[in-house]
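*Asks:* Generate a structure from the sequence data that follows.
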Amino acid sequence: MTQVGFFAGTGMPDPGWWEALWPEPAKVLAQIGLRQGMDVIDLCSGDGWFTVPIARLANHVIAIDIDAKLLALAKLRAAAAHVANCAFIAANAYDIAAVVTARVDLVFLANAFHGVPDRPRLAKAVAAVLKPGGRFVIVNWHALPREETQILGEPRGPATEQRMTPEQTARGVTPSGLRLREVVELPPYHYGSVFEKATTPD
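*Replies:* Next up, the predicted model:
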């Protein structure tokens, strides 16, 4: 049974193909602009596949997920990797501004935005926790038919009708006041939309 609050069409995949899809998570993070010394939130972090490589470069990372069981796996992953600059919070993504008191440099959200029912609401909550000049990075599946996104010989990812173009992603975020800085290609099937908070009030 799906946990209440889960975004539609999201969740951790079967073992094996996540690693096949993202064999070099650190490379993805470099491409979307993660830099040494940043304070980062890994939103909808799941079992921590990206949390640990974020932690290896960041000053501090907060992993937020609604599923406490997945957070427990993320903690085990972090412990096994001997990284200690992580905090883990079980919370709804919409509540990010309520559970994080300090502002951060970057909020990272992978493979979840397509299922968010109220995207401007989430973007507004993210904007509230960003420092001036901070970034909201959304990694999405390209809007390809699901049968074309094959991993280990099988179609993977969200249903075709849930997938979003970069333009659709931007329309869900920019009402929050964040501006689109760039769209980064993340082969074979993803892109990263990088949004930025203004450095000074409008």
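
*Asks:* quick one: the helix or strand residue 167 falls within to chain centroid distance?
*Replies:* For residue 167, the element it lies in under DSSP states H and E is helix 166-173. Using CA atoms, centre = their mean, to the nearest Å, the mean C-alpha position of helix 166-173 is found 15 Å from that of the whole chain.

*Asks:* what sits up against the following helix or strand past that helix?
*Replies:* Sequence-wise, the next helix or strand downstream of helix 166-173 (DSSP H and E) is strand 179-186. The contact list for strand 179-186 (CB atoms under 8 Å, 6 or more residues apart in numbering) reads 28, 31-32, 135, 139, 166, 170, 173-174, 191-196, 198. C-betas here are computed from N, CA, C, even on glycine.

*Asks:* For residue 41, state which of those is nearest.
*Replies:* Set against residue 41, the nearest of these by CB to CB is residue 135 (11.0 Å).

*Asks:* Which residues are in contact with that closest one?
*Replies:* 33, 105, 106, 107, 181, 194, 195, 196, 197.

*Asks:* Give me the neighbour count for the fifth one.
*Replies:* When counting by other CB atoms under 10 Å, one arrives at 14 neighbours for residue 181.

*Asks:* Mind listing what's buried along stretch 150-162?
*Replies:* Buried residues in stretch 150-162, counted by 16 or more other CB atoms under 10 Å: 151, 156, 157, 158.

*Asks:* among those residues, which are in strands?
*Replies:* For the buried residues of stretch 150-162, membership in strands holds for residue 151, with DSSP state E as the criterion.

*Asks:* Out of the buried residues of stretch 150-162, which is nearest to residue 90?
*Replies:* The shortest gap between residue 90 and any of the buried residues of stretch 150-162 belongs to residue 158, at 23.4 Å (CB to CB).

*Asks:* The closest one touches residue 115, doesn't it?
*Replies:* Yes: contact criterion CB atoms under 8 Å: residue 158 and residue 115 qualify, at 7.1 Å.

*Asks:* Other residues contacting stretch 99-111?
*Replies:* Counting by CB under 8 Å, 6+ apart, stretch 99-111 makes contact with 10, 29, 32-34, 38-44, 50, 54, 62, 64, 89, 91, 93, 96, 126, 129-131, 134-141, 157-158, all of which sit outside it.
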